[in-house]
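Student: quick check, what structure comes out for this input:
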Amino acid sequence: MGDGPLDLSEVERSFLEWEIDLIPNDQPAPEEIYPVDADDPWALARDVDSAYVRTVPRNQMIGRVGPTEAENYIFYRGLGTFELPLTVSSGADGEGSLDNGGEQPLPAVFALEIRGEVGRWMPLGGVGAGEQRAYDLGPREFQDKGAVVAALKGAVQTSLEAEGLYRDEAAAMVATWSRQWFGTEGSRLIYLVPREVTDGLLPLSIEPAPDELVRVLVGRLEYLTPEVEARTIEALKQRIEAEDEETRDEAFAWLMARDRFLEPHLRRAIAASEDPVVRQSAADLLVILSPEE
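Tutor: From the prediction side, this is the model:
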């Protein structure tokens with residue numbers, strides 16, 4: 001693709017293909033499995049009653065033997081330019097409105113807000129095709145984040161099992177991703193993507209064909225509340241204009257704590273604020289985040 005950022009609009013088609021051996025789990029674990037700490041997310045994902053998978057390297061097929069890899073699962077990352085059916089509009093004080101613009105119902109949706117070490121959440125149930133629905137986290141009391149995460153883990157696991165996953169699969173999936181799904185700062189919707197949408201976005205073929213194939217994709221929709229937007233604009237102004245260094249440092253630290261969501265916060269501030277100080281402050285930070293720009 002050449003140097004520079006990847007323009008996904010220029011990618012007409014992509015695919016991944018694995019050649020694997022299946023090893024029954026009543027046999028010794030393959031020595032190629034990479035050791036990790038017991039609380040590592042990849043170790044949590046291994047806690048399933050499944051066969052091991054071991055790859056057959058492509059270069060081995062052309063006569064050059066290369067290293068193999070083994071696991072309890074196949075994991076991959078990808079980038080895409082598709083749209084998912086769920087959108088959300090955020091109001092003040094925990095209010096929101098979601099819209100399922102798809103042609104299939106969403107099996108389950110959960111609303112969540114984490115602020116530091118406390119949070120609040122609510123189950124929204126299934127959402128019908130084309131349905132719009134308002135919700136309000138405002139009356140929900142903030143609780144210790146650990147209690148919120150534990151309750152959400154149980155609720156989402158139950159929903160995954162209802163969609164066909166075995167209990168150990170659902171538990172391992174939730175344990176692996178709960179830190180990001182439930183524990184990180186911000187407001188979000190966690191939802192189960194309709195099977196038809198999953199199959200359309202990520203077609204899958206297996207040879208030989210299995211007797212049964214269950215696929216469950218979890219979506220996570222992050223959104224910016226009016227309160228956080230206002231705090232972002234305030235912090236951008238303070239990091240430039242505050243008279244004391246401590247306030248400037250605190251403002252910068254708050255912005256940096258947005259972590260990988262800082263960039264959309266900054267771009268929203270540029271679009272929403274007419275204050276030249278705020279816009280310049282955001283633009284300066286964008287340069288730091290993406291120096292190639």
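
Student: and the strands in the chain, which stretches?
Tutor: Using DSSP state E, the strands of the chain run over residues 20-23, 52-55, 70-71, 86-90, 95-100, 106-115, 118-127, 132-136, 143-144, 186-193, 217-223.

Student: so which of these gets nearest Pro203?
Tutor: Put simply, out of the strands of the chain the one that sits nearest Pro203 is strand 217-223, at 12.9 Å, with distance taken as Cβ to Cβ. For the C-beta atoms, the positions are set from N, CA and C on the backbone; glycine is no exception.

Student: check which residues of the closest one are buried.
Tutor: Leu217, Val218, Gly219, Leu221, Tyr223 (16 or more other Cβ atoms under 10 Å).

Student: in PDB, list the C-alpha atoms belonging to that strand.
Tutor: Listed in PDB are the C-alpha atoms of strand 217-223, where the atom choice follows Å, rounded to 0.1, in the frame of the first residue of the first chain:
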ATOM      1  CA  LEU A 217     -20.500 -10.100  18.000                       C
ATOM      2  CA  VAL A 218     -20.600  -7.500  20.800                       C
ATOM      3  CA  GLY A 219     -20.700  -3.800  19.800                       C
ATOM      4  CA  ARG A 220     -19.500  -0.900  21.900                       C
ATOM      5  CA  LEU A 221     -20.700   2.600  21.100                       C
ATOM      6  CA  GLU A 222     -18.900   5.400  22.900                       C
ATOM      7  CA  TYR A 223     -20.500   8.800  23.100                       C
END
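
Student: just to revisit the earlier point, in a markdown table, list the strands of the chain along with distance to Asp40 and mean pLDDT.
Tutor: Written out in a markdown table, the entries for the strands of the chain read as follows (distance: least, Cβ to Cβ, whole Å; pLDDT from 0 to 100):
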| stretch | distance to Asp40 | mean pLDDT |
| --- | --- | --- |
| strand 20-23 | 22 | 92 |
| strand 52-55 | 18 | 92 |
| strand 70-71 | 13 | 92 |
| strand 86-90 | 30 | 96 |
| strand 95-100 | 34 | 97 |
| strand 106-115 | 22 | 97 |
| strand 118-127 | 24 | 97 |
| strand 132-136 | 35 | 97 |
| strand 143-144 | 24 | 97 |
| strand 186-193 | 22 | 97 |
| strand 217-223 | 20 | 95 |
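
Student: looking at the ones you listed, which is nearest to Ser159?
Tutor: Taking Cβ to Cβ, strand 106-115 is the member of these nearest to Ser159, at 4.1 Å.

Student: what comes into contact with the closest one?
Tutor: 85-86, 94, 96, 98, 100, 119-127, 135, 137, 142, 145, 148, 152, 155-156, 159, 162-163, 182-194, 225 (Cβ atoms under 8 Å, 6 or more residues apart in numbering).

Student: please enumerate the helices of the stretch 151-293 of the chain.
Tutor: Taking DSSP state H, counting those that start in this stretch as the criterion, the stretch 151-293 of the chain carries its helices at 167-181, 195-201, 226-241, 245-256, 262-272, 276-289.

Student: select, out of those, the one closest to Asp40.
Tutor: Each of the helices of the stretch 151-293 of the chain was checked against Asp40 via Cβ to Cβ, and the shortest separation belongs to helix 167-181, namely 9.6 Å.

Student: buried ones in the closest one, by neighbour count?
Tutor: Judged by neighbour count (16+ other Cβ under 10 Å), helix 167-181 contains these buried residues: Glu169, Ala170, Ala171, Ala172, Met173, Val174, Ala175, Thr176, Trp177, Ser178, Trp181.

Student: how far away is the second one from Gly116?
Tutor: By that I understand Ala170. Summarising the geometry, the distance separating Ala170 from Gly116, computed by Cβ to Cβ, to the nearest Å, is 29 Å.

Student: again, but for the last one
Tutor: In this structure, Trp181 and Gly116 are 17 Å apart, going by Cβ to Cβ.

Student: over to the third one?
Tutor: Using Cβ to Cβ, one gets 27 Å for the distance from Ala171 to Gly116.

Student: look up how far Arg54 lies from Pro194.
Tutor: When Cβ to Cβ is applied, the distance between Pro194 and Arg54 equals 33 Å.

Student: which of the two has more neighbours?
Tutor: Applying other Cβ atoms under 10 Å to Pro194 and Arg54 shows that Pro194 carries more neighbours, namely 22 against 17.

Student: what mean pLDDT does stretch 260-277 have?
Tutor: For stretch 260-277, mean pLDDT is 95.

Student: let me fix that, I meant to ask about stretch 247-254.
Tutor: Regarding stretch 247-254, the rounded mean pLDDT is 96.

Student: would you put the C-alpha positions of it in PDB?
Tutor: The C-alpha coordinates for stretch 247-254 follow below in PDB (Å, rounded to 0.1, in the frame of the first residue of the first chain):
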ATOM      1  CA  THR A 247      -4.400  24.500  37.200                       C
ATOM      2  CA  ARG A 248      -2.700  24.300  33.800                       C
ATOM      3  CA  ASP A 249      -1.100  20.900  34.700                       C
ATOM      4  CA  GLU A 250      -4.400  19.600  36.000                       C
ATOM      5  CA  ALA A 251      -6.200  20.600  32.900                       C
ATOM      6  CA  PHE A 252      -3.600  18.900  30.700                       C
ATOM      7  CA  ALA A 253      -3.700  15.800  32.900                       C
ATOM      8  CA  TRP A 254      -7.500  15.600  32.600                       C
END
